[in-house]
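Asks: sharing a sequence plus its predicted fold:
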Amino acid sequence: MRRGMTLFRTIVVATALAAAVPAMAQQTRDGLNPTGQNPTADSVTEEFLFKQEPKIGGRVSIPDGKSANLIQPQGREYQAFREGWLPWIGGIAVLGILGLLTAFFLLRGRIALDDPGPDTGKKILRFNSFERFAHWMTATCFIILSLSGLNYIFGKRLLMPLIGPEAFGTLSQWAKYSHLYLAWPFMLGIAIMLIVWLKDNIPEKLDWEWIKAGGGLIGRGHPHAKRFNAGQKVVFWMVVGFGAAMSVTGVVMMFPFAVTDINGMQVTQVIHSLIGVVFIAGILAHIYIGSIGMEGAYDAMGSGKVDLGWAKSHHDLWVEEQQAKNASVAQLGTRQVPAE
Ligand code: HEM
């Protein structure tokens, strides 16, 4: 009887196995068994691991505890931003503003000097040598920081195929050094500009009038303005605001993990790069108006002196203020030093 039972069990198991073999072959082909269920659903797949929140880590005995981190979902989002979104946003920002400035130049042309009339040949000091030094130090650093920054985003894609990996490697190393070291004089320059120009850049009601009149850029007239008009105040506050944001995020990245963890480092890089490309676009507009866009503007930062006629058209209230100041100094001089 017992022998009969054993034989029966053997037959049942063999039959079940025989039925299971073709079904298993089918599972490996489509991942599902004939009942429509995924027999490996409970096992840990790579896809499943990547979706874990917040992260999967283990233990390591080396001092760098970060290396125990195996999966960090935000890292994948960061990679998608860095390799996918950022080049597009950067490309659109930089090429977009260049396109707009070109269109503006073709439509509006160079803003010409008005006829200076009786002021022909007369000059007025607009920026002293210290102000010009601070401006050009900041500007030089900014241009190199921009080019080396854009190299982080586009270099591998655009430059490396052109000049080859070796030259690109050397160039990128120098670009990185210049990015790290020129950040310091750039920050100093921003701080100096903030101190020397703050009092002339406080927004006031007059700025609103200037904006409503199109700033003289769109129309043909010249709205009243003091030392800096509303457009220049926007440039000033952009430089100070973006400059501060770039400085803070830049310094955080110079000392990795000193103040934040891996997620914080990635967020910092996202902020730094996004503000960076918008900053470059804004400064390209500033460079345009300070050079080819407006006749007579460059002299202000070149020699420091501008045509009195230009100053009267673009900064009439400032000229009145300066002339009143000079007149009172002259009056004081004549009172203190009696004529012989
Ligand atoms: C080749 C590049 C540049 C040129 C040709 C240029 C030209 C000028 C000129 C002509 C002015 C005086 C405008 C006036 O009469 O009031 C000026 C002012 C100024 N520049 Fe630049 N600049 C350049 C780059 C930069 C950069 C890179 C920055 C900062 C990151 C900057 C920040 C400023 C600021 C804050 C002012 C005062 C506010 C204003 O006038 O808009 N400049 N620039």
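Replies: Alright, I've got the coordinates. In this text, all values refer to a predicted model and were calculated from it rather than measured experimentally.

Asks: pLDDT of the host helix or strand of residue 311, averaged?
Replies: Here residue 311, judged by DSSP states H and E, is contained in helix 308-314. For helix 308-314, mean pLDDT rounds to 91.

Asks: who touches it?
Replies: The contact list for helix 308-314 (CB atoms under 8 Å, 6 or more residues apart in numbering) reads 113-117, 119-120, 122-124, 126, 216, 222, 225, 229, 295-297, 299, 318-319. For every residue, glycine as well, the C-beta is placed using N, CA and C.

Asks: tell me the buried residues within those.
Replies: When the contacts of helix 308-314 are checked for burial by 16 or more other CB atoms under 10 Å, the buried set is 114, 116, 119, 124, 126, 216, 222, 225, 229, 296-297, 299, 318-319.

Asks: near the ligand, from those?
Replies: Restricting the buried ones among the contacts of helix 308-314 to those near the ligand by CB under 6 Å from any ligand atom leaves 126, 297.

Asks: what about the helices in this structure?
Replies: Secondary structure of the chain by DSSP state H: the helices cover 2-30, 46-50, 73-80, 86-108, 129-150, 160-163, 165-197, 205-212, 230-254, 262-290, 308-314, 316-336.

Asks: for the longest one, buried residues please.
Replies: So the one you mean is helix 165-197. Buried residues in helix 165-197, counted by 16+ other CB under 10 Å: 168, 171-172, 175, 178-179, 182-183, 186-187, 189-194, 197.

Asks: what's the neighbour count on the nearest residue to residue 179 once chain neighbours are set aside?
Replies: Computed as CB to CB, 6 or more residues apart in numbering, the closest residue to residue 179 that is not its neighbour in sequence is residue 148, at 4.2 Å. Close neighbours of residue 148, defined as other CB atoms under 10 Å, add up to 20.

Asks: just confirm residue 148 contacts residue 180, I think it does.
Replies: No. Residue 148 is beyond contact range of residue 180, at 9.1 Å (criterion: CB atoms under 8 Å).

Asks: how near is residue 97 to residue 155?
Replies: In this view, residue 97 and residue 155 are 20 Å apart by CB to CB, to the nearest Å.

Asks: who in this protein is up against the ligand?
Replies: Of all the residues in the chain, those in contact range of the ligand (CB under 6 Å from any ligand atom) are 126, 135, 138-139, 142, 193, 228, 232, 235-236, 239, 283, 286-287, 290-291, 297-298, 300-301.

Asks: which among the residues you listed end up buried?
Replies: Judged by 16+ other CB under 10 Å, buried ones among these: 126, 135, 138-139, 142, 193, 228, 232, 235-236, 239, 283, 286, 290, 297, 300-301.

Asks: so what's residue 79 scoring on pLDDT?
Replies: Note on residue 79: pLDDT of 92.

Asks: contact partners for it?
Replies: With contact set as CB under 8 Å, 6+ apart, residue 79 has no partners.

Asks: what's near enough to touch the residue nearest the centre of the chain?
Replies: Closest to where the C-alpha atoms of the chain average out (CA atoms, centre = their mean) is residue 276, at 1.0 Å. Contacts for residue 276 (CB under 8 Å, 6+ apart) come out as 146, 149, 246.
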